[in-house]
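Undergrad: Pasting the sequence and the predicted coordinates here, then a few questions.
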Amino acid sequence: MSALTTDLDLKVPVIAAPMAGGASTPALVVAAARAGGLGFLAAGYKTPQALSDQMDTMRTEGVSFGVNVFAPNPVPVDATAFRTYAEAIQVEADRYGVTLPVGEPVEDDDYFEDKIDLLLANPVPVVSFTFGFPAPGIVKALRAAGSTVVFTVTSEAEALLAVDAGADLLVVQSSAAGGHSGTITPLQVPAETPITELIARIRHRTSVPLLAAGGLATSADVAAALHAGAEAAVVGTVLLRTEESGASAPHKSALADASRGKTVVTRAFTGRPARALRNEFIDRYDSQAPVGYPAIHHLTNPMRKAAVAQGDPERMHLWAGTGYRHATAEPAEVVLTRLINL
């Protein structure tokens, strides 16, 4: 591993990906550190206070960790398309007695400035960004505070832009990754380029250290990514069923359901490309879903929360990468140790 990734306190080349929405718990981050790797708190969808509380928990544990932030990169939704979609999916929310918010679309920035202020006032070892790149002044300020700055990219073109924007490291995410694509161009679904090929292409274009993400679920996957030129592998889906994961019970059960088929990329739940287990909601509404993030996320959120509460996997987002069948119900440290048995 390079000196820079050694600075991340990595003893082994595996990183627990940030998974927003509750899956990435402090316990999961601690487990990654104890396995010799690094874990990330997911700032996405949290209030600044909730993030601060989790950061305090991590400092009490005394392990190195990172924080991942959603960079503002809104895709405003067409108002007419928003209302049409809201009317179409209300029948699904009716199952739970939920009325969807069909007023003005919510186009917020997930408390971005407040979270940056928090990370500058209480620096962490690593800050990563997904969905876009922050302004140069923010990058400089974070670096001056002692944080390594990481950008998520999904193509050669995005990688070159990220280097120009001042990234210390790049997370190179293939389309095989579960959950949202980190692409900065969400109007386009990223090409299905294998992670090894994507790493090799970008490795030829820049000397900035690369971290591989997307579909890495076995030790062979990790070894291949490292051989292609990555400094470390970033894994997420394979950790979703672990004891430390905060994923919901119906989500964990769906990942273990042998009758589930291949994953699909959909905008049906959030208006942004994301890979998930196929379910009834995707089958019915994927073709109708408008592009628009975060407006569609906020629209469907009450329905998804109600589905989780009712244990109904057919109307919730079952984020999963292509390697989801390798997710096991074990301690996270056991899973991560198996992945680094290269």
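TA: Yep, it's here. Everything numeric in this text was worked out from a predicted model, so none of it was measured.
Undergrad: how about the helices of the stretch 201-342 of the chain, start to end?
TA: Under the criterion DSSP state H, counting those that start in this stretch, helices of the stretch 201-342 of the chain are mapped to 219-228, 249-255, 280-285, 295-309, 332-339.
Undergrad: State the distance from residue 136 to residue 167.
TA: According to C-beta to C-beta, to the nearest Å, residue 136 stands 11 Å off from residue 167. From N, CA and C alone the C-beta is placed, and that goes for glycine too.
Undergrad: And the average pLDDT for stretch 65-76 is what?
TA: With pLDDT averaged residue by residue, stretch 65-76 scores 94.
Undergrad: Tell me which residues of that stretch come out buried.
TA: Residues of stretch 65-76 classed as buried by neighbour count (16 or more other C-beta atoms under 10 Å): 65-75.
Undergrad: quick one: which of these sit in strands?
TA: Among these, the ones falling in strands (DSSP state E) are 66-70.
Undergrad: what about residue 166, distance to residue 83?
TA: 40 Å.
Undergrad: for residue 38, same thing?
TA: Where residue 83 is concerned, residue 38 sits at a distance of 44 Å (C-beta to C-beta).
Undergrad: where in this protein is pLDDT low?
TA: Across the chain, the stretches falling below the confidence threshold (pLDDT under 70) are 1-7, 342.
Undergrad: coming back round to it: in TSV: the buried residues of stretch 65-76, plus distance to residue 109.
TA: Conversion of these to TSV gives the following (distance: C-beta to C-beta, whole Å):
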residue	distance to residue 109
65	24
66	21
67	16
68	15
69	10
70	8
71	9
72	4
73	9
74	7
75	13
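Undergrad: Could you single out the nearest of the residues you listed to residue 22?
TA: residue 68 (13.8 Å; C-beta to C-beta).
Undergrad: Spatially nearest residue to that closest one (excluding sequence neighbours)?
TA: Across the structure, with C-beta to C-beta, 6 or more residues apart in numbering as the measure, the residue nearest residue 68 apart from its sequence neighbours is residue 18 (3.4 Å).
Undergrad: First-to-last residue distance for stretch 52-71?
TA: Stretch 52-71 stretches 18 Å from its first residue to its last (C-alpha to C-alpha, to the nearest Å).
Undergrad: Isn't residue 81 up against residue 292?
TA: Yes. Taking contact to mean C-beta atoms under 8 Å, the distance of 7.4 Å between residue 81 and residue 292 places them in contact.
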